[in-house]
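# just a sequence and a predicted model for now, questions to come.
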Amino acid sequence: MAKARTQFICQNCGTVHARWVGKCEGCNQWNTIVEEDPMGGIGGGPGRTPKKGRPVALTTLSGEIEDAPRIQTGISELDRATGGGFVRGSAVLIGGDPGIGKSTVLMQAAAALSRRGHRIIYVSGEEAVAQVRLRAQRLGAADTEVLLAAETNVEDILATLGEGKRPDLAIIDSIQTLWSDTADSAPGTVTQVRTGVQAMIRFAKQTGAAIVLVGHVTKEGQIAGPRVVEHMVDAVLYFEGDRGHHYRILRTVKNRFGPTDEIGVFEMSDKGLREVTNPSELFLGERNAKSPGAAVFAGMEGTRPVLVEVQALVAPTSLGTPRRAVVGWDSARLSMILAVLEAHCGVRLGQHDVYLNIAGGYRISEPAADLAVASALVSSLAGLALPSDCVYFGEVSLSGAIRPVAHTAQRLKEAEKLGFSQAVLPSASADLPKGNGMSWAEMESLPDLVARIAGSKGALKQADNDD
């Protein structure tokens, strides 16, 4: 029998090395290589003789579905992020920074489901039973029938979940604390995390119970452990938010049973997380309508329109290399907008520091924010405040043209609902609403926008000379 070779696995990215090295070639991290026995990993390793397989039963796509396909929690923001509720037999992975509210929202969801008559099991690997009970009392969930356990062994957890009636939802907090007898490594290592997650997913598929796994994140914001874990589960949710703000965003980055760009918005309070049904009012709550450099962007998060304020500050600098500071947006895209403004619009920003901020700590990844960012930059440079009842959206190309974006009607409808009466948008927008109470200006290129804001290029040159 061939001797099993020892593997050296990176605990950060999961790259397998033939020998120990100080620096991982996959992620360039130092001192992350750990020796692991392949016999304890998934698949058994080369030293184990494979057994003969058995044929499995084949079926067709048509047929009856057991019970209801989804379990709705009654927390609308959580149900929105998951695509309408937890799917039976699915595995959901939730990640986020420490203290962001992962355990809080799951405890609230467990209590809400328990009140609806579902059997819920909450397994904590990080806290004792008394600590979980204290949090449940603070959240007003202590009167529910949520079943609680404090355990980290995978085999014991599976035996507990399989005893008695099948649970409708099982919460495992967290996967980094799990360990299995079949893997000879410490809890939190690549092998242990992968083994534990695979065992939980196998239980969910075989029994039809929904499994929610809580995952730690690295300093880069990614879920700790091998990347294959995110491929194994059915849905991946990230809890985002800034400790300096009360709101939290539950963002969907993967969902096999629903859209992948939905968000749920919560507000942190002493009684737990409160739903924010209209996030636009939250992000626009403290606007200064007379201040230059502020533009309201009408964005989309999945099927939900969100209005948020884009703030820009353009200030003269004495340094050889001007500063470019961005919070909540892509810094590379800001550099592109600055280059287009200078090349096609004659807006000279080479001797100015540029600071860009998305109000409320919100993060924008949509290209449709280009027009709002450009408007805020020009407004700050010229010292002219934009109309307080106007929204902006559109994608800027390298040629200076303004390209249309999707969901124009929904953006305008949300803006009108919040009291906005004007909009600046691309000229080729297809789904403009009819009979809408708003007026809009259609822009073909970025120079048209600059002329609209500043009135003339002379106003910009005069503002530049004053600086």
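Ah, there it is. Residues are numbered from 1 along each chain as shown.
# pull the longest strand from the chain.
Criterion DSSP state E: the longest strand present in the chain is strand 304-316.
# what packs against that one?
Under the contact criterion of 3 or more Cβ pairs under 8 Å, 6 or more residues apart in numbering; DSSP states H and E, strand 304-316 touches helix 279-283, strand 294-301, strand 352-358, helix 370-382, helix 408-417. For the C-beta atoms, the positions are set from N, CA and C on the backbone; glycine is no exception.
# in a markdown table, list these along with mean neighbour count.
Shown next, in a markdown table, are the helices and strands packed on strand 304-316 (neighbours: other Cβ atoms under 10 Å):
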| stretch | mean neighbour count |
| --- | --- |
| helix 279-283 | 20 |
| strand 294-301 | 26 |
| strand 352-358 | 20 |
| helix 370-382 | 26 |
| helix 408-417 | 20 |
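# nearest to residue 331, of the ones you listed?
Closest approach to residue 331 among these is made by strand 352-358 (8.6 Å; Cβ to Cβ).
# contacting residues around residue 80?
Counting by Cβ atoms under 8 Å, 6 or more residues apart in numbering, residue 80 touches 262, 263, 264, 302, 304.
# how about the helices in the chain?
Using DSSP state H, the helices found in the chain span residues 76-81, 102-115, 129-138, 154-161, 190-207, 228-232, 279-283, 331-344, 370-382, 408-417, 446-454, 457-466.
# make JSON lines out of those helices and add mean pLDDT.
Output for those, formatted as JSON lines (pLDDT from 0 to 100):
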{"stretch": "helix 76-81", "mean pLDDT": "92"}
{"stretch": "helix 102-115", "mean pLDDT": "94"}
{"stretch": "helix 129-138", "mean pLDDT": "94"}
{"stretch": "helix 154-161", "mean pLDDT": "94"}
{"stretch": "helix 190-207", "mean pLDDT": "91"}
{"stretch": "helix 228-232", "mean pLDDT": "88"}
{"stretch": "helix 279-283", "mean pLDDT": "80"}
{"stretch": "helix 331-344", "mean pLDDT": "94"}
{"stretch": "helix 370-382", "mean pLDDT": "94"}
{"stretch": "helix 408-417", "mean pLDDT": "90"}
{"stretch": "helix 446-454", "mean pLDDT": "88"}
{"stretch": "helix 457-466", "mean pLDDT": "47"}
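# okay, these, which one's buried deepest?
helix 370-382 (a mean of 26; mean count of other Cβ atoms under 10 Å).
# give me every residue that touches residue 299.
Contacts for residue 299 were tallied using Cβ under 8 Å, 6+ apart; they are 305, 306, 307, 308, 364, 366, 368, 369, 393, 411.
# how does it look with 7 Å?
306, 308, 364, 366, 368, 369, 393 (Cβ atoms under 7 Å, 6 or more residues apart in numbering).
# nearest to residue 32 among the contacts of residue 80?
Nearest member of the contacts of residue 80 to residue 32, counting by Cβ to Cβ, is residue 263, at 32.3 Å.
# so what sits opposite that closest one in the bridge?
When bridges are called by DSSP bridges, residue 263 pairs up with residue 251.
# correct me, but it touches residue 81?
Yes - when contacts are counted by Cβ atoms under 7 Å, residue 263 is listed as touching residue 81 (6.4 Å).
# who touches both of these two?
By Cβ under 7 Å, 6+ apart, the residues touching both residue 263 and residue 81 are residue 250.
# state the phi and psi torsions of the closest residue to residue 338 other than its chain neighbours.
Excluding the flanking residues, the one nearest residue 338 by Cβ to Cβ, 6 or more residues apart in numbering is residue 349, at 5.5 Å. Torsion angles at residue 349 (phi, psi; degrees, to the nearest 10) stand at phi -120, psi 10.
# again with residue 278
According to degrees, to the nearest 10, residue 278 has phi -130, psi 90.
# and for it, the neighbour number?
Using other Cβ atoms under 10 Å, residue 278 has 15 neighbouring residues.
# pLDDT at it, what is it?
On the pLDDT scale, residue 278 is placed at 83.
# same check, this time on residue 73
So residue 73 comes in at 92 (pLDDT).
# that one contacts residue 110, doesn't it?
No - Residue 73 is beyond contact range of residue 110, at 8.7 Å (criterion: Cβ under 7 Å).
# hmm, residue 254 is touching residue 234, no?
No - taking contacts as Cβ under 7 Å, residue 254 lies outside contact range of residue 234: 8.0 Å.
# of these two, give the one with the bigger neighbour count.
Higher neighbour count among residue 254 and residue 234: residue 234, with 22 against 15, using other Cβ under 10 Å.
# if I look at that one, how far off is residue 260?
Distance from residue 234 to residue 260, counting by Cβ to Cβ, to the nearest Å: 12 Å.
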